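**Student:** whatever this is, show me its structure:
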Amino acid sequence: MEHIHLETKNLSFTYPDGTQALRNVNLQIKKGDKIAIMGPNGAGKSTLFSHFNGLTEPTSGHVEIDGEKIVFERDTLLEVRQKVGIVFQDPNDQLFAPTVKEDVAFGPMNLGLDYDEVEKRIDEALEMVGMKGFEDKTPHHLSGGQQKRVAIAGIVAMRPDIMILDEPTAGLDPEGVDKVLDILNKLNADGISIVISSHDIEMVNEFADKIYVLYDGEIIACGSKHEIFSDKELLSKAHLKAPVTTEILYKLKDYGLDVDCKKVGVDEVVEEILKVKKV
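**Tutor:** Coordinates of the predicted model:
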């Protein structure tokens, strides 16, 4: 049986002013998953993420990590945050130390590790994100992409089982997006389950194996990218666009060509077009 790392059960959250941000959210993150959570602004993505490692306590329902319900006590929460690392959308919410090295050291030191182990983890994490040599730099003097990579390194140094990244490529140039994608794929290859939220359809198309669509605090769909991106009605309801590859197939279908609109990868779409051409 596949190991379920994290599961939400009928998770609901209402803000003190009565605004309901999440309604009966049920989702599962299994070992090695690459998941994207998509939805328009205000759908509840950031609120949902803050429940994953106990930053926010649900109004009803609960979150389970490795089958254990999150209990809101200091020791349990420390353990949860060691297993589930969150990288916020804005690195400035995360980077506050005077140097890159001290920033990355913060998590491991909080775990009470000895000096040598902390040093080793800083080295490994900065190496992993391509930021070796920046140890003594001030985070606020780095580019947006570099700050994002340092924020990721700070979480990597904690050796979590699951990494949650809120809009990991927001505001980055194409090269920055590619670098972050490479890091996420590398982490996933090392056995870490990755969950991202993103508006970047093309990036999600490239990265995610499974997509949850969150709309007005509810999960309104879940499936592979082939299923989600080929569902025009769903995308329109959730204010999402289809990847450009899907748009091309829809256009061909409108022209009466027999193409499979569930194909999303560039290579798959080229194959579809060539198949039609041969016919």
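**Student:** apart from its chain neighbours, what residue comes closest to the residue positioned nearest the centre of the chain?
**Tutor:** The geometric centre of the chain, computed from its C-alpha atoms, lies nearest to Ile196 (CA atoms, centre = their mean), at 1.3 Å. Counting by CB to CB, 6 or more residues apart in numbering, Leu165 is the residue found nearest to Ile196 once chain neighbours are left out, at 4.7 Å. Every residue, glycine included, has its C-beta placed from N, CA and C.
**Student:** secondary structure class for that neighbour?
**Tutor:** Secondary structure, DSSP: H, G, I helix; E, B strand; the rest coil: Leu165 is strand.
**Student:** contacting residues around it?
**Tutor:** With CB atoms under 8 Å, 6 or more residues apart in numbering as the criterion, the residues that contact Leu165 are 86-87, 152, 184, 194-197.
**Student:** swap in 10 Å and give it another go.
**Tutor:** 36, 49, 85-89, 148, 151-152, 155, 180, 183-184, 187, 194-198 (CB atoms under 10 Å, 6 or more residues apart in numbering).
**Student:** what bridges to it?
**Tutor:** Val87, Ile196 (DSSP bridges).
**Student:** what sits against the residue nearest to the centre of the chain?
**Tutor:** 34-38, 45, 49, 87, 163-169, 180-181, 184, 203-204, 207-208.
**Student:** narrow the contacts of Leu165 to those in helices?
**Tutor:** 49, 148, 151-152, 155, 180, 183-184, 187 (DSSP state H).
**Student:** what about the stretch 1-150 of the chain, any weak spots by pLDDT?
**Tutor:** Counting by pLDDT under 70, the stretch 1-150 of the chain shows low-confidence ranges at 1.
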